[in-house]
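**Q** Got a predicted structure plus its sequence, pasted below:
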Amino acid sequence: MTATFTAPVRLRPPAALRRYWPLAAALVLLPLGLLLAGGGTWPASLIVDLSGPLGTASDWIVDNRDSHPLFLYFFGHISNAVVLAVRGVYLVLLAAGWAGVTAVAGIVAWRVAGLRLGLTTVAAFAVCGLLGMWVPTMQTLALMVVAVAASVALGALLGLAAGLSDRTYRALRPVLDTMQVLPAFAYLLPVVLVFGIGVPAAVLATVVYAAPPMARLTALGLRGADPGVLEASASLGATGKQRLLTARLPLARKELLLGVNQSIMMALSMAVIASVIGAGGLGDRVYQALASVDVGAALAAGIPIVLLAVVLDRTATGARAVRRRDWATCGVAVLAAAVVGRLSGGLTWPQAWHVDIAEPVNRAVDWMTAHLYSGVPVIGGTADWAAHFTGWVLDPVRDGLQALPWWALLLLVGALALLVGTWRTALTAVAAMGAIGVLGVWDASLDTLSQVLAAVAVTLVLGFAVAVAAARSGRVERALRPVLDVFQTMPQFVYLIPVVALFGVGRAPAVAAAVVYALPAVVRITTQGLRGVDPVALESARSLGATGWQQLRQVQLPLARPALLLAVNQAVVLVLAVVIIGGLVGGGALGYDVVFGLAQGDLATGLVAGAAIVCLGLMLDRVTQPTGKEARHA
């Protein structure tokens, strides 16, 4: 008989307990802090007033914009280059005529992504003409071509630097965070101050907004290249440049195409916002319709934006390798179509072929407002839902946050960040939250934070539920795809009018619009994560007798954790962007300050509120995204 000896075991606390001790400490100290210090806002002695320096800077820019060498010989040349580029593309589109542009777009889509997309593209441009939006569509398309080209070029260069250098990656990450989280209204004001109202300011604001996704995804693709392939390339004597061109970039093709796709989506989402500073095109039609509360006209201008987004999205994601001979054939066909379109004499879509949808849409909206706003038996009207959501969710969350002592809230933020990251992550989150108090917008920021938290919670509940259904059924996913396309590409402003018509004015409509805008991204990312789980793991679970619910809870959700975390992150970013626009419909708080600063030319109010929004986004990013060893393992 053989005896078996085991080494003595050293008892250690479970890993979960070691990880969650900061949260437990915070929960113990918070009630103690309330008893000892009571409630209280940020101390006035710790506030730094920036209105004076920012006002002085604004006055200097206005006084020297037409005479200083910096504006004449640097910003002036940039402005002229943008104007010439946009005008050149627009004149080419007009010269080709409606038949030429439609044929060119269809042929290019066909050769790049297949016959079905080619026919879809022709139908999309035809719908733009039928709605009477041909000229505005060409204006928007010209602006988007220049803005997307600049965004992709800038993002690719930044991503290339970040993908090849760890130091550059760490330095660029906060810059990209700021560019992506800063609301468009906040940086429209300094852009307008420097470049004035017009196309240059609109294009440059769009580039700032659309370049970060390309940079992030380029860096992700380059840093995620297979080390074995790179090692094999190096062993064959390839130089660094050759490894980049023959190994890294081909391996990162999927991420590069996704970066182009996301830059296109972000640029088109800026079309309406940029119309505020003179971009023209479809965005200007949407903005004018919303100013007169004309939902039908806004929808007629919004549909072409959606169609452009769908066509460009499908072309970018479905792009395949095209032989050089095919490109030559495509070029000849494009030239022939352009010549035929030019000789046909029809430069714009014929007036007799227009279809008016504004009147029936407005009648439908009036019916919904009359029958759903109030007085619905049993369930109540949408106005009652908005009032209940405000009274039962938004008000308690806001009042609870504002009742906490400022130091207790900083402690809670640090504890939450420490749970998912490192001490550096926690310090960054606490510093971002402290900067909000130093800027003097503590109460307004907590009001905005309450709206963001409520909207993110609703978005995640609905998004995860829909994504689970889509991941389990291919039929559901195919049915949802066009719906998600429409909701994801519809301009943010277009949501506001029907939301206000149904829910009234206040914080609840702002939350509702944010949920609608952020939901498609959450559904897409979560569905992709769940469907990407290793089939072997699912088969093993089924062979052990696991039910569908057990497979989801114990296999799919744990293995899809990186995708779920990314969905949470994107929900925070997108909700924060639209909650700010909700300041136009009574959302108040930081959104109102940003919009007021732009409308009144008040650089201090607009930029301070924008900086506070960036700090909120940075804090929320740090408390929802794992870092360090846990992130590398994921």
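**A** That came in fine, so what should we check first?

**Q** Local confidence estimate at Thr56?
**A** Thr56 is assigned 80 on the pLDDT scale.

**Q** neighbours around it, how many?
**A** Thr56 has 12 neighbours, counted by other C-beta atoms under 10 Å. Glycine gets a C-beta too; all of them are placed from N, C-alpha and C.

**Q** Check the one 5 residues further on too.
**A** Burial of Ile61, expressed as a neighbour count using other C-beta under 10 Å, amounts to 16.

**Q** is it true that it touches Val192?
**A** No. The criterion here is C-beta atoms under 8 Å, and Ile61 misses it with Val192 at 10.1 Å.

**Q** quick one: Phe281 and Gln288, what's the gap?
**A** Careful, residue 281 is Gly; it's not Phe. For Gly281, the distance to Gln288 equals 12 Å [C-beta to C-beta, to the nearest Å].

**Q** out of these two, which sits in the busier spot?
**A** Comparing Gly281 with Gln288 by other C-beta under 10 Å, the one with more neighbours is Gly281, at 28 against 14.

**Q** Wait, that one touches Pro136, no?
**A** Yes. Here Gly281 reaches Pro136: they are 4.9 Å apart, a contact under C-beta under 8 Å.

**Q** Quick check: end-to-end length of stretch 541-561?
**A** Here the two ends of stretch 541-561 are set 18 Å apart, with distance taken as C-alpha to C-alpha, to the nearest Å.

**Q** Report the buried residues of it.
**A** Ala541, Ala546, Gln551, Leu552, Val555, Gln556, Leu557, Leu559, Ala560 (16 or more other C-beta atoms under 10 Å).

**Q** can you count the residues close to Gln402?
**A** 17.

**Q** What distance do you get for it to Val48?
**A** Counting by C-beta to C-beta, the separation of Gln402 from Val48 is 21 Å.

**Q** which residue packs closest to Ala560, ignoring adjacent ones?
**A** Distance criterion C-beta to C-beta, 6 or more residues apart in numbering; nearest residue to Ala560, sequence neighbours excluded, is Gly529 at 3.7 Å.

**Q** What residues does that neighbour make contact with?
**A** Ala560, Pro562, Ala563, Leu564, Leu566, Ala567 (C-beta atoms under 8 Å, 6 or more residues apart in numbering).

**Q** ok, now with 10 Å
**A** Gly529 makes contact with 467, 471, 556-557, 559-567 under the criterion C-beta atoms under 10 Å, 6 or more residues apart in numbering.

**Q** Same question for Arg622.
**A** Arg622 makes contacts with 177, 413-414, 416-418, 420-421, 424-433, as judged by C-beta under 10 Å, 6+ apart.

**Q** Give me the buried entries from these.
**A** The buried subset of the contacts of Arg622 (16+ other C-beta under 10 Å) comprises 177, 413-414, 416-418, 420-421, 425-426, 428-433.

**Q** Among these, which one sits closest to Val483?
**A** Asp177 (30.4 Å; C-beta to C-beta).

**Q** secondary structure element for that closest one?
**A** helix 166-181 (DSSP states H and E).

**Q** Show me what that helix is packed up against.
**A** Where contact means 3 or more C-beta pairs under 10 Å, 6 or more residues apart in numbering; DSSP states H and E, helix 166-181 is packed against helix 134-164, helix 199-223, helix 561-581, helix 603-624.

**Q** Now do the buried residues in stretch 614-629.
**A** Taking 16+ other C-beta under 10 Å as the criterion, stretch 614-629 shows 614-627 as buried.

**Q** from those, which is closest to Ala99?
**A** Nearest member of those to Ala99, counting by C-beta to C-beta, is Gly617, at 45.9 Å.

**Q** Pretty sure Ala161 is one of the things Arg223 touches, is it not?
**A** No. Assessed by C-beta atoms under 10 Å, Arg223 is found out of contact with Ala161, at 11.7 Å.

**Q** who touches both of these two?
**A** Joint contacts of Arg223 and Ala161 (C-beta under 10 Å, 6+ apart) are Tyr169.

**Q** returning to what we had before: what about the residue nearest to Ala560, which helix or strand?
**A** Gly529 belongs to helix 507-531, assigned by DSSP H and E.

**Q** Residues touching the helix or strand following that helix, excluding its own?
**A** Using DSSP H and E, the next helix or strand after helix 507-531 towards the C-terminus is helix 535-543. Contact partners of helix 535-543, identified using C-beta under 10 Å, 6+ apart, comprise Asp534, Ala546, Thr547, Gly548, Gln550, Gln551, Leu552, Gln554, Val555, Gln556, Pro558, Leu559.

**Q** From Arg553, how far out is the third one?
**A** Same thing as Thr547. In this view, Thr547 and Arg553 are 10 Å apart by C-beta to C-beta.

**Q** what about stretch 415-432, start to end distance?
**A** 14 Å.

**Q** I'd like the distance from that stretch to the chain centre, please.
**A** Centroid separation between stretch 415-432 and its chain, computed with C-alpha atoms, centre = their mean, to the nearest Å, is 24 Å.

**Q** repeat for stretch 590-600
**A** In terms of C-alpha atoms, centre = their mean, the centre of stretch 590-600 is set 20 Å apart from its chain centre.

**Q** now do stretch 547-561
**A** Distance, stretch centre to chain centre, for stretch 547-561: 28 Å (C-alpha atoms, centre = their mean).

**Q** contacts for it?
**A** 464, 467-468, 471-472, 525-534, 537-542, 544, 546, 563-564, 566-567, 626, 630, 633-634.

**Q** Any idea how many residues pack against Met265?
**A** Neighbours of Met265 (other C-beta under 10 Å): 20.

**Q** tell me which element it is part of?
**A** helix 253-275.

**Q** Next SSE downstream of that helix?
**A** Assigned by DSSP H and E, the successor of helix 253-275 is helix 281-291.

**Q** Which strands or helices does that following helix pack on?
**A** Judged by 3+ C-beta pairs under 10 Å, 6+ apart, the packing partners of helix 281-291 are helix 134-164, helix 199-223, helix 253-275, helix 295-317, helix 492-503.

**Q** the helices in the stretch 301-450 of the chain, which residues?
**A** Along the stretch 301-450 of the chain, counting by DSSP state H, counting those that start in this stretch, helices occupy 324-343, 358-372, 382-389, 395-403, 406-420, 423-438, 442-472.

**Q** Alright, that wraps it up for me.
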